[in-house]
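J.: need a structure here:
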Amino acid sequence: MPDFVLGDEGIAGHGETDTPPAAFKCDGIMGSFITNLHVRDAEPAAVIDALRSLAVVPAYVRRAEGDRWTSIYPEAAFQDDVGLSEIAHALSTALQRPVIGFIVHDSDILLYVLVDHGKLLDSYNSAPGFFTGESLAPTGGQAEVVAAYCEADDAHDRLSRLLHPGTLSRNDAQPSENDVLEAQRKKVIQSYPKMAAQDPNTPPLEQLLAQIERRFAARPVTQATEPSSAPPFLLEEDRLTALAELLGIPGGPVLDSFRYLADGEGAPGRLTLIESDGEKDVAIP
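T.: As a prediction, this is how the structure comes out:
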């Protein structure tokens, strides 16, 4: 099974985690830095007890009524793939439940690790050559394994297309490149007022849109001899949202991290902040 680790030092070894703000800039574009874990079919109180016993504090915990997954946002594993994997193993062992942990790094890489009853079942790296400048196919991501935790009858096929480039037949319908680019432009236009309000140094909207177009044009292109991947996500948080939907994890909470929540940002709802000396309720408007 492929290693979950990006390199000898993991993501944290590449110098990206020393900057404190929740939102980071890359060439003027807001990139997402997401780190979270999700436990299925465990009572939130049991999850909180396990976090305390494992000293995984501070951490935010969220679970809406009717959800099967309890979401966890630990400070300790922010953008730390090795630390996240260790927490996932420890939590799954303590709770005897499935745990999946996600990292999105600067909107360019999606990682996950899936552990059940303390056993590593699968891991995934969408861009294993990112830090070395190589264009490599994703590693891990066993659709048949992850599909067991999804409810959709066609989960296996959808996961295969979601996780792995080159798995579509040439006859499969795919969004056009113009459709994908337009979707990303729309996302930036919709989020720009909030970005500008939070950071007075946010570049003009026209500049951000131009950078999105340059980034789209510069992305790796699949050779013509191979079917192209689908859906063609420009941002890895979009791939994560689609994966979470198949798993039944709410799309908003799956995009949160400790630092976003600590700054009062994130998906609306109520959370519990677990600290070494107690806990408190937190509301995100």
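
J.: doesn't Pro128 make contact with Gly140?
T.: No - between Gly140 and Pro128 there is no contact, the gap being 9.1 Å when judged by CB atoms under 8 Å. Glycine gets a C-beta too; all of them are placed from N, C-alpha and C.

J.: Quick check: nearest residue in space to Asn36, chain neighbours excluded?
T.: Distances taken as CB to CB, 6 or more residues apart in numbering place Tyr73 nearest to Asn36, at 5.1 Å, with adjacent residues excluded.

J.: One more: Ser53?
T.: Of all residues not flanking Ser53 in the chain, Ala94 sits nearest, at 6.8 Å (CB to CB, 6+ apart).

J.: same thing with Val47?
T.: In this structure, Val47 finds its nearest non-sequential neighbour in Thr70, 4.9 Å apart by CB to CB, 6+ apart.

J.: and Ala148, how many neighbours does it have?
T.: Ala148 has 12 neighbouring residues, counting by other CB atoms under 10 Å.

J.: could you dump the helix or strand harbouring Leu273 to CSV, C-alpha only?
T.: Per DSSP states H and E: Leu273 is located in strand 269-275. Written as CSV, here are the backbone C-alpha positions of strand 269-275 (Å, rounded to 0.1, in the frame of the first residue of the first chain):
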residue,chain,number,x,y,z
GLY,A,269,-22.9,25.7,12.9
ARG,A,270,-22.1,24.8,16.5
LEU,A,271,-18.8,23.2,17.6
THR,A,272,-17.1,22.2,20.8
LEU,A,273,-13.6,23.5,21.4
ILE,A,274,-11.7,20.9,23.5
GLU,A,275,-8.9,22.4,25.5
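
J.: one step back: how close does the residue nearest to Ser53 sit to Ala45?
T.: 13 Å (CB to CB, to the nearest Å).

J.: quick one: secondary structure of the residue nearest to Val47?
T.: With DSSP: H, G, I helix; E, B strand; the rest coil as the basis, Thr70 sits in strand.

J.: Name whatever forms a beta bridge with it.
T.: With DSSP bridges as the criterion, Thr70 is bridged to Val39.

J.: Isn't it up against Ala45?
T.: No - using CB under 8 Å, Thr70 is not in contact with Ala45; the gap is 9.9 Å.

J.: okay, these two: which has more neighbours?
T.: For Thr70 versus Ala45, the count of surrounding residues by other CB under 10 Å is larger for Thr70: 25 against 11.

J.: tell me the pLDDT at that one?
T.: Thr70 is assigned a pLDDT of 97 by the prediction.

J.: quick one, what contacts it?
T.: By CB atoms under 8 Å, 6 or more residues apart in numbering, Thr70 lies in contact with 38-40, 42-44, 47, 61-63.

J.: Selection in PyMOL covering whichever of those are buried, please.
T.: Here is the PyMOL command that selects the buried residues among those (16 or more other CB atoms under 10 Å):
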select buried, resi 38+39+40+42+47+61+62+63
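
J.: got the residue ranges for the helices in the chain?
T.: Here the chain has its helices, by DSSP state H, at 44-53, 81-95, 143-146, 155-163, 177-198, 205-218, 236-247, 258-262.
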